[in-house]
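Q: following is a predicted model, sequence given first.
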Amino acid sequence: MTQINMVQSLNRSIDQLMAEDERIVVLGEDVGRDGGVFRVTDNLLNKYGEERVLDTPLNELAIIGMATGMAMYGLKPFAEIQFQDYIFPAFDQIVNNIAKVRYRTGGRFNVPLIIRTPYGGGVRGGLYHSQSGEAYFAHTAGLTVVTPSNPYDAKGLLVSAYRMNDPVIFLEPKRLYRANKKEVPDDLFEVEIGKAAKLKEGDDVSIITYGSMVPTVMSTVEKNGVNADVIDLRTLLPMDVSAILATAKKTGRVVIVHEAPRTLGVGAEISALIAERAIDSLLAPIVRVTGYDIPFPYSHEEFYLPDEKRIMTAINRVLKY
Amino acid sequence: MTQINMVQSLNRSIDQLMAEDERIVVLGEDVGRDGGVFRVTDNLLNKYGEERVLDTPLNELAIIGMATGMAMYGLKPFAEIQFQDYIFPAFDQIVNNIAKVRYRTGGRFNVPLIIRTPYGGGVRGGLYHSQSGEAYFAHTAGLTVVTPSNPYDAKGLLVSAYRMNDPVIFLEPKRLYRANKKEVPDDLFEVEIGKAAKLKEGDDVSIITYGSMVPTVMSTVEKNGVNADVIDLRTLLPMDVSAILATAKKTGRVVIVHEAPRTLGVGAEISALIAERAIDSLLAPIVRVTGYDIPFPYSHEEFYLPDEKRIMTAINRVLKY
Amino acid sequence: MAMVGNLSNEQAILAYTNAVRARTLDMKIISAQRQGIIGFHVPSQGQEMIQIAISMLADKEDLIFGYYRDLAMLLQRGVPLSLIYDQLLSNSNDLQKGRQMPDHFSFKEFNFSTVQSPVGSHLPLTVGAAYSMRYTKKKGIVITTFGDGATSTSDFHAALSMASVFNLGVLFICENNGWAISVPTSKQTKTDIYKKGAAYGIPGKRVDGNDLIASLAGLQEAFDYVRSGKGAYLVEALTYRIGPHSTSDDPKKYRVDEITDGSENDPIRRLENLMLKMGVVDSASIQSIRAQAKEEIDKTLEERMSIPPTEPSSIFDDVYEKPSWIQEEERREINDSD
Amino acid sequence: MAMVGNLSNEQAILAYTNAVRARTLDMKIISAQRQGIIGFHVPSQGQEMIQIAISMLADKEDLIFGYYRDLAMLLQRGVPLSLIYDQLLSNSNDLQKGRQMPDHFSFKEFNFSTVQSPVGSHLPLTVGAAYSMRYTKKKGIVITTFGDGATSTSDFHAALSMASVFNLGVLFICENNGWAISVPTSKQTKTDIYKKGAAYGIPGKRVDGNDLIASLAGLQEAFDYVRSGKGAYLVEALTYRIGPHSTSDDPKKYRVDEITDGSENDPIRRLENLMLKMGVVDSASIQSIRAQAKEEIDKTLEERMSIPPTEPSSIFDDVYEKPSWIQEEERREINDSD
Ligand SMILES: Cc1ncc(C[n+]2csc(CCOP(=O)(O)OP(=O)(O)O)c2C)c(N)n1
Ligand SMILES: Cc1ncc(C[n+]2csc(CCOP(=O)(O)OP(=O)(O)O)c2C)c(N)n1
Ligand SMILES: [Mg+2]
Ligand SMILES: [Mg+2]
C-alpha cells in the first residue's frame, strides 16, 4: 500500500492486469515508446513488447474499429484516445458497432473493450483539449460509462471494467491525474460499476457530482462547513438511481455539479430522475452548477469551470429556499 | 395554397429557395438523379444542374466537411444525410468544426449550413434506419436543432434555417413524411426558430413533445378527451424555455413524450428546466414517455415506440397523483 | 475430370447449383416481401459468381466479414437455408433474435461474422480480428467483402491503413456492382478500385466477378498471397447488380439495366452455357437443378413461416450481458401492459 | 541577378530573413512559455524552408488552410508579427478574441483560413472552399498543409476523394517532419506519402523540404498543375521537426535528434551557406539580419504584452450570431458574480 497519484494508479493497474492476462493489448497514439502523452502507459512497451503495446497511426476510427474486432475475437483491448476531444472520429464505431454488436447478434458476439480517455479542462487546453463529452456516451444504450475521481477508484473501476464482458468508456479527469495522492492497495480489487460513493454524510443539502469536480465540491463544503450529503456517482451509465433518490429524499435539496455544459449534460438526467421519482420530497428547486453552453474557451477557463464560489451560491440558494 | 405532405413541402421549399438564391447547393448521397431515397430533392438536378445538385461519394464526413468549407466561403449548402443513423461518421466535423468555427475565430468565420436528415422509427428499419439522435446534437453548443411535425412547419422552419447564418441540424421525422397533408402557403414564410407551438389549450395536464410523436400525442388527447395543454417544441436547441415553464406553471402536471431513448434524451433537459425553475407549481412527478434504452429493435418496434396507451397511462398517472 | 483448370465437374455443378439456389431464393424473397411476409430485401442477383468463388476458396477456419448482399456466398459456404429464412423472417429461431433487418446475417458457426447496415463499418473490425487470430496463433485468414460505394468510406481507409502498418492477413474483396444505389462507380471514384491499395502498399487485382472461372483464378493468387503471411490484398471483382438496390428502390429513376435475369450476359447463364458446352451437364440436369432449387426454396419458406416470432419483452435482452436497472424497469413496463 | 534559377537575390535574402525571423520567434516563444507569458507552443523549427517556399509561390488570392506549425509561412506571407503575438498571448487584440490555444491562427485578410487542433479535420473544408471559389468564379487555388500523421486520418481520405471526384483545385502539401509526436513516419504508413494520391488518381511528388531551392522547384510544378485546372495535387515535403512536438513534449523518451538548431544540416544553415558561397550575402549582413530579427522579436513581444486580456464575459459571444437565452443567462451569472 503506497501513496500514489491517479496516473501511477492507472499505470500500475494496467501493468498488473497485463501480467495476469495475456489477452490484454494496449493500443493508441503514442502509448508505446512515449508511454502516452500523460504517461499512463509508461514502460508497458518495454515490459510487454510490441505485440501487446501498439503505437498506432493517427486515426481514432481505426484504433477503435480495430480494437472492436480484437475484442469480438478473443482479446481484451485497452484502447487509449489521447484526448476525449479526439474520440469523435470514432463516434460511428462507438454508437453503431460497439454499443450494438451484442444486441444485433442476439448475444452471440460481444465487445469486451475498454476505451480510456482523458477529459475535462483546467489545463489551459482550449476548445480541443478540455471537453467533457460524457453525455454523448451516457445517452447510448449498450455502453457503460465510468469516471474515477481519485487514484483508489481509478484502480477499482479499471479492474471492474476489465472484468466486464461489455464495452466500457473509461473517462479520466485529466485535471486530477496528478492533483493528489491516495493509498491504493497493491492487490487487485473492484469498485462496483453502477454504484455511487457517499463521500460525506449530511442532512441539509445533497450534492451530486462526479469525476473532475469532486475535489472542488469537497473543498467547498469543507471550507464552508456545509452539512451536505455528497455523492460521487463514479458510474454515469447506468447511474446509481437508488443513491440519487435516497439522498434527494433525505435532504429535499439537491445541487448537481459537473464540468460539462448544462444543456443535456448528465445533470439533466439526474434532475429528471428525481423529478420523476422523488418530487414530493423536494423542498427547493434542483439546481445545476455546470460548465457553460459554449465551446470550451482558451482564455478565462477559470470562469468556465464551476468553482467554490459558484457551488456555494447554488448551495445557499437551495438552503435559503 | 394546396394540401401537400411533408416531402412535397420540403421539396417545393428547397426548389423555391434555390430559384431565389444562387448560393444554395444541395449535396448528399443519391440526392441527384434519384432525387433522394425519400424524394425530398426530386427533380432539383434537372432544374438546377450538376453544379448545384451534387451526388456525392459514400462518405458522410466528406459531405459535411465539404459543405462546411462551402459555407465558410460564400455558399449556402443544404447537405443531406440519407438517414440520421449515418451521420455519426461526420460527428467530429459537426462537433469540432461546424459548431465551433464561429467561436474559435472570434466571429470572423461562420458556417451557414443546413444539414437535413430523416430520423426516427416506424418504418421497420431496425437498428440502423430508425434512430432518434437529437440529443447528441442538442447537447452541442453552436448548433441549432429543429424538427417539424407537419408540412407547414417543415416549410417555415426550413425558410428560417435558411435565413440563419449559423449551422442548423434539420431533423425530419421520416414516419411523418407522407403521413398527412396540410395547407402550406405557396409563398416563403418563417416559423420562428426557438419558439414552440401551442397545439391545444388545456388546464389539467401539459404534454410537451416534438417531431415524430406529435400526431400520436394529439390523437391520444383527442380520443380520450384529455383537457391538455399540448406543446410542440419544434426547436430542440435552444428550447423555448418560456413556453415550457408557462405550461408547467399553468397545469402543474407535465408529461414529456419523445421517441428517443429516455436516458439523457431531450426530455431530461425539459424536466430539469422545470425542476430548476417551476418546482413550486408542480402537483405531480414529471413523467417521461419515451423510446426505451436499447438499440432500436427490428422486431417489435410497435412496443418500442410510445403509443396512445403508454401516453394515456402516463397522463392518468399524473392526473390521479 | 476437371472442367477447367483445377475445377472438377462436381465442384462446377455444386457452384452452379448454389448460384441457382441463390437466384431462386432471391426471387422468392422479393415476392415474399411484396406479400408482406418478409420486411425488406437487398437482392444479390448478378453477384453470385464472385461470392461463390470466395466461398469455394475460403477454408472453414477462415473468417469472413461479408456484407448485406452475400446470399450466394452463404449458401456455398453451407449455411442451411432454414437458418437464412429464420433471419429473413426474424422469427424466434433467428440466431440474432429478430434484432436486425433481413440480410443482416451472422453465422458464427460458419465463421461468418456479423453484417451491419452502416456501409463499410465492418472493415476496421476485420483488421482487429486478423490481429487477434495472429496473436492467438489461430489458423486461417480474414476475408471481407463490400461494395464499390464502401471504398469511399473512412472505414475503408482506416482498415487498409491498419492492415498495412501491422501487416495483417486480410483479403479485401470489393464487389463492384457498378452502383451505390443511384450513384455509378464513375462518380464514386476517378480511379480503379483495385489500385486503391497503392496508398497503403497493398497489392491489388481486378477480376471478372461475373465469371466463375476467372474469379477463381484471380482470387487464388490473392488467397495465396494473404495465406503466405505477406499481408493484405485488395481484389476488385467487376460484377453487376441485376435488381434494384433494395425492395425500396426504383432503378428506373437513374439507370437502364445492362444485365437482366436470364440474359446471355447473366453470370449464371454464362456458367450454364460453359458447362453445357463442355458437356458437364445437359439441359435435363439443368432443368432438374432448377426444379429442385425451386422446390427446396418454396418448401422451406412454407415450413419456416410457421415458427412464431420472438417475445416482445426479449427486446430488452442483450443490450448488456446483464441488463441494468433501466432495461429491467422498462421491460416491466411492457410486461405490465399485457 | 538571379541567385539560382528564377530566384532573385532579393527574394533569397527575404526568404532567409523570414526563416531567421521565424526561428528567432520560435525560440522566443519557447522561453516566454517557460516564463508563463505564453501558454503553449508547437515549435516550427526545422520546417521553415518548405513553409517559406509555399508562401513565395502562393498568390494573394490563393486560399491557404495551414496547420498549427506554419509560423514561417505566415511571416513570409506578410502577416504582421504583432498580430501573431496577439494570438499567442490571447490578448484583447487577438483577432480570435483569445478563443484558441497559441499557434491556432486565422488571418482572413491574408487568405489564411483557420487552424484547429483535431489533426486533419481542416482537409475536407479545403475541397468545399475550392468548390466555392470555382462556383463563384473567384481567382486562385486552395493550398493546404498538414503533417505526416494527418495522412492517416479519415479526413485526409475524405478530402482527396472529394477533390478527385469533383476535380477541385486543391494543392495538398504534407510537411513530413518524420514524426507524429513519438510515432515515426515508418510506423505511420508503409508507403511513400506522395504516392497516396494514387488511390484517387491524384498525382504526387516528393521534394526536399529542407532546401529552399528544391522546394521551390518541386512546388512550382505542383502549383502549375493545380492552377491549370487539372485538379488536385499531392506534395510530400521531407523535413524534420528540430524541437519537441510541443512545449509539453519530451522527445528524449523516443528519439535521438538528427538535426539540431544551427547544425550543418539545419535548413536555415544550408541556405545561409549557399548564399555565402554564391556571394549573395556576407557574414556581416548575416549578423545584421540576425540581430535585427532578434531586436524586432524581443521588442514586439514587450510591446504586445502590455495589451490587456479580453473581458471574461466575452466568452459568451460568437457561439451564435445572436446568443440564445442560454448564453445570455449564463453571461449574467458571470457578470453578477463580479
Ligand atoms: C454510412 C452509410 N451511409 C449511407 C448508407 C445508405 N446506403 C445503404 S447501401 C448504400 C449504397 C452502397 O453501395 P455499395 O457500397 O456499392 O454496395 P451495394 O449496395 O452496391 O452492394 C447506401 C448509400 C449506409 N447504409 N451507410
Ligand atoms: C484527431 C486528433 N488525434 C490526436 C491528436 C493529438 N495530436 C496532436 S498533434 C499529433 C501528431 C500530429 O503529427 P503530424 O500530423 O505528423 O504533424 P506534426 O505535429 O508532426 O507537425 C497528435 C497525435 C489530435 N490533435 N487530433
Ligand atoms: Mg455497389
Ligand atoms: Mg509529423
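A: That came in fine, so what should we check first? Keep in mind that what you see is a predicted model, and the values were worked out from it rather than measured. Ligands and ions are numbered 1, 2, ... in the order given.
Q: does residue C:164 really touch residue C:202, like I thought?
A: Yes. The pair formed by residue C:164 and residue C:202 meets the contact definition of CB atoms under 8 Å, at 5.5 Å. Using the backbone N, CA and C atoms, a C-beta is placed for each residue, glycine as well.
Q: mutual contacts of these two, please.
A: Shared contacts of residue C:164 and residue C:202, defined by CB atoms under 8 Å, 6 or more residues apart in numbering or on different chains, comprise C:231-232.
Q: what sits against the residue nearest to the spatial centre of chain A?
A: With distances taken as CA atoms, centre = their mean, the residue of chain A nearest its centroid is residue A:147 (2.0 Å). Contacts for residue A:147 (CB under 8 Å, 6+ apart) come out as A:119, A:134, A:170-173, A:210-212, A:233-234, A:236.
Q: residues from the stretch 151-300 of chain C in reach of ligand 1?
A: Taking CB under 6 Å from any ligand atom as the contact definition, the stretch 151-300 of chain C meets ligand 1 at C:177, C:179-181, C:241, C:245.
Q: by neighbours, which of these wins?
A: Ranked by the number of neighbours (other CB atoms under 10 Å in any protein chain shown), these place residue C:241 first, at 28 neighbours.
Q: would you mind giving me the confidence score for the residue lying closest to it once chain neighbours are set aside?
A: Spatially, and ignoring its direct neighbours in sequence, residue C:241 is nearest to residue C:177 (3.9 Å; CB to CB, 6 or more residues apart in numbering or on different chains). Predicted confidence (pLDDT) at residue C:177: the value is 98.
Q: residue C:177 against residue C:236, yeah?
A: No. Using CB under 8 Å as the test, residue C:177 is too far from residue C:236 to be in contact (11.2 Å).
Q: between the contacts of residue A:147, which sits nearest residue D:151?
A: residue A:119 (27.0 Å; CB to CB).
Q: for the stretch 1-150 of chain C, which segments count as helices?
A: C:9-34, C:48-57, C:71-77, C:81-89, C:123-135 (DSSP state H, counting those that start in this stretch).
Q: brain fart, the stretch 1-150 of chain A
A: Applying DSSP H, counting those that start in this stretch to the stretch 1-150 of chain A gives helices spanning A:6-20, A:44-48, A:60-72, A:91-92, A:101-104, A:134-138.
Q: most packed of the ones you listed?
A: helix A:60-72 (a mean of 30; mean count of other CB atoms under 10 Å in any protein chain shown).
Q: quick check: residues of chain C near ligand 3?
A: C:147-148, C:177, C:179-180 (CB under 5 Å from the ion).
Q: can you put these in TSV and add distance to residue C:323?
A: Below are the residues of chain C next to ligand 3 laid out as TSV (distance: CB to CB, whole Å):
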residue	distance to residue C:323
C:147	36
C:148	40
C:177	41
C:179	42
C:180	38
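Q: how much space separates the residue of chain A found nearest ligand 1 from residue A:98?
A: Using CB to the nearest ligand atom, the closest approach of chain A to ligand 1 is made by residue A:92 at 7.4 Å. Separation of residue A:92 from residue A:98 (CB to CB, to the nearest Å): 10 Å.
Q: re earlier: and the helices of the stretch 1-150 of chain A: which comes nearest residue B:18?
A: It's helix A:91-92; of these, that one is closest to residue B:18 (CB to CB) at 30.3 Å.
Q: now residue A:276: which helix or strand?
A: Using DSSP states H and E, residue A:276 sits within helix A:266-277.
Q: surely residue C:44 and residue C:66 touch.
A: No. Using CB under 8 Å as the test, residue C:44 is too far from residue C:66 to be in contact (10.5 Å).
Q: longest strand anywhere in chain A?
A: Longest strand in chain A by number of residues (criterion: DSSP state E): strand A:254-261.
Q: would you pull up how far that strand lies from the middle of the chain?
A: On the basis of CA atoms, centre = their mean, to the nearest Å, strand A:254-261 sits 14 Å off its chain's mean C-alpha point.
Q: repeat for stretch A:113-127
A: Distance of stretch A:113-127 from the chain centroid (CA atoms, centre = their mean) equals 10 Å.
Q: is it in proximity to ligand 2?
A: No. Stretch A:113-127 does not reach ligand 2 (CB under 6 Å from any ligand atom); its nearest approach is 10.6 Å.
Q: if you look at that stretch, does any of it touch chain D?
A: Yes. Judged by CB under 8 Å from any CB of the partner chain, stretch A:113-127 and chain D are in contact via A:124-127.
Q: ok, for residue C:269, nearest residue in space, not its chain neighbours?
A: Using CB to CB, 6+ apart, the closest residue to residue C:269 is residue C:262 (6.2 Å).
Q: same question, residue C:111
A: Distances taken as CB to CB, 6+ apart place residue C:63 nearest to residue C:111, at 4.9 Å, with adjacent residues excluded.
Q: and the one you found, how many neighbours?
A: Neighbourhood size, residue C:63 [other CB under 10 Å]: 23.
Q: residue C:270 too?
A: Neighbours of residue C:270 (other CB under 10 Å): 18.
Q: so what pLDDT did residue C:336 get?
A: Turning to residue C:336, the model gives it a pLDDT of 80.
Q: equivalent analysis for residue A:120, please.
A: For residue A:120, the model assigns a pLDDT of 98.
Q: leaving out the residues flanking it, which one is nearest to it?
A: residue A:212 (4.2 Å).
Q: how near is the one you found to chain C?
A: For residue A:212, the distance to chain C equals 24 Å [CB to the nearest CB, to the nearest Å].
Q: is that residue in contact with residue A:150, as I believe?
A: No. With contact defined as CB under 8 Å, residue A:212 does not reach residue A:150; the gap is 11.1 Å.
Q: gap between stretch C:139-159 and the chain center?
A: That offset, for stretch C:139-159, works out to 13 Å (CA atoms, centre = their mean).
Q: output the below-cut-off pLDDT ranges for chain C.
A: Along chain C, the parts satisfying pLDDT under 70 run over C:1-2, C:337-338.
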